[in-house]
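Engineer: Requesting a structural model of the entry that follows:
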Amino acid sequence: MRLTVVGCAGSFAGPDSPASCYLVQAQHKGRTWNLVLDLGNGALGPLQALIDLHDIDALVLSHLHPDHCMDVTGLFVVQKYHPSRAPEDTRRLPVYGPQDTAARLVRANAVTLSESKDPHGMDPEFDFRVLTHKEPFTVGPFRVTPFRVNHPVEAYGVRVEADDTVLVYTGDTDDTPVLDELLTGADLALTDSAYQEERDAISGIHLSGRRAATAAVRAGDVKRLMLTHIPVWNDPAECVAEATEVWPGDVELARAGQTYEI
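Structural biologist: Purely as a prediction, here's the structure:
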C-alpha cells in the first residue's frame, strides 16, 4: 500500500499545500487501485498530476467542512462534461460520506435556486453511499472501516487495510475512546494535529501533537505517527515537539507531494 499526500494544510489551502486530500494506492488483479481520502480546497489540481481523474475507484469524505470536500464540485464537472465521456457511459463514481453528503454538495455546486433544492442533482455522476460507524466496505484490495470521531459535525476517521498493512486516517477529531480501536495496530497513523496545547484550550474539535501521540500510544502497536492538518499559522516544529514528549519514536510530518510506502 502506498500513500501520497496531495494536500495536508489545516482548515484552508496554504501557500505550500492544498487542503486535505490523500491518495492511497495498491496493486490488485493486474492494475493499480486508487482510493482518495478527502478532496479539500485546491486538491483537485495536484491530484491530476498523480492520476487520471477517471481512474479514481472511490472517494471517501471524512466530513463536510470545505477543507475536506469542496473540490468535489470540480470533480463533478469532470465527471459530467469531460469530452471523453460518451453519452452511453453510465459509470458513477462511488462517494462515501456522512448522511447529507449528496444534498450538501449539490447546494455547493448549484447555480440556480431550483438546482440547490434537488438533492439528487449529482446522482448521474456520483454514487453516494453513507458511512456508518464500524461498518466496513471494500474497494478493490482495500477494506475500509469508518469510525465516528469527536468533531462538531458528523465526522469519521477511517481504517484502511490492504496487503496485510493498516493505514489509519483520523480526519478531524479531538481525543475520544473511539481512537483506541481506530488506531490500534496501525502501520501508519495519519493524525490531525491542528491545535497547540498552550494556545488552544477548546475541546471537541481537533487534536494537538501531544494528544495525537497520547492517543497512538494508548491504542498500542502503532508503528509510525505522522502529523497532518496543520494550519499555516502553526509552526510544525512545535507540533512535532509536543508529540515527541509522548511518542517513543520519530514523529513524521505529512508533506504535500510526498509518497510513503506502508
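Engineer: Strands of the stretch 51-200 of the chain, start to end?
Structural biologist: For the stretch 51-200 of the chain, the strands defined by DSSP state E, counting those that start in this stretch occupy 58-60, 93-97, 126-130, 137-139, 142-148, 156-162, 165-169, 188-192.
Engineer: out of those, deepest packed?
Structural biologist: Among the strands of the stretch 51-200 of the chain, the stretch with the highest mean neighbour count (mean count of other C-beta atoms under 10 Å) is strand 188-192, at a mean of 28. Every C-beta, even on glycine, is put in place using the N, C-alpha and C of the backbone.
Engineer: Residues contacting that strand, please?
Structural biologist: Outside strand 188-192, the residues within contact range by C-beta atoms under 8 Å, 6 or more residues apart in numbering are 3, 22, 166-173, 183, 206-207, 212, 215-216, 222-229, 254, 260, 262.
Engineer: show me what contacts Leu75?
Structural biologist: Counting by C-beta under 8 Å, 6+ apart, Leu75 makes contact with 39, 44, 53, 56, 59, 93.
Engineer: I misspoke; the intended subject was Phe137.
Structural biologist: 96, 129, 143-144.
Engineer: next one: Val153
Structural biologist: Val153 touches 63-65, 98, counting by C-beta under 8 Å, 6+ apart.
Engineer: do Tyr195 as well
Structural biologist: Tyr195 neighbours (C-beta under 8 Å, 6+ apart): 205-208, 211.
Engineer: which among those residues end up buried?
Structural biologist: Neighbour counting with 16 or more other C-beta atoms under 10 Å marks 206-208, 211 as buried within the contacts of Tyr195.
Engineer: Which of those residues sits closest to His28?
Structural biologist: Leu207 (31.9 Å; C-beta to C-beta).
Engineer: where's the nearest residue to Asp100 once chain neighbours are set aside relative to Trp233, distance?
Structural biologist: Excluding the flanking residues, the one nearest Asp100 by C-beta to C-beta, 6 or more residues apart in numbering is Leu64, at 7.3 Å. Remark: distance between Leu64 and Trp233 (C-beta to C-beta, to the nearest Å) = 23 Å.
Engineer: Comparing the two, which residue is more hemmed in?
Structural biologist: Leu64 (21 against 10; other C-beta atoms under 10 Å).
Engineer: and the more buried one, backbone torsions?
Structural biologist: phi -110, psi 20 (degrees, to the nearest 10).
Engineer: got the contact list for it?
Structural biologist: Per C-beta under 8 Å, 6+ apart, neighbours of Leu64: 97-98, 100-101, 104, 153-154.
Engineer: which parts of stretch 253-262 are buried?
Structural biologist: So for stretch 253-262, counting by 16+ other C-beta under 10 Å, buried means 253-254, 256, 260, 262.
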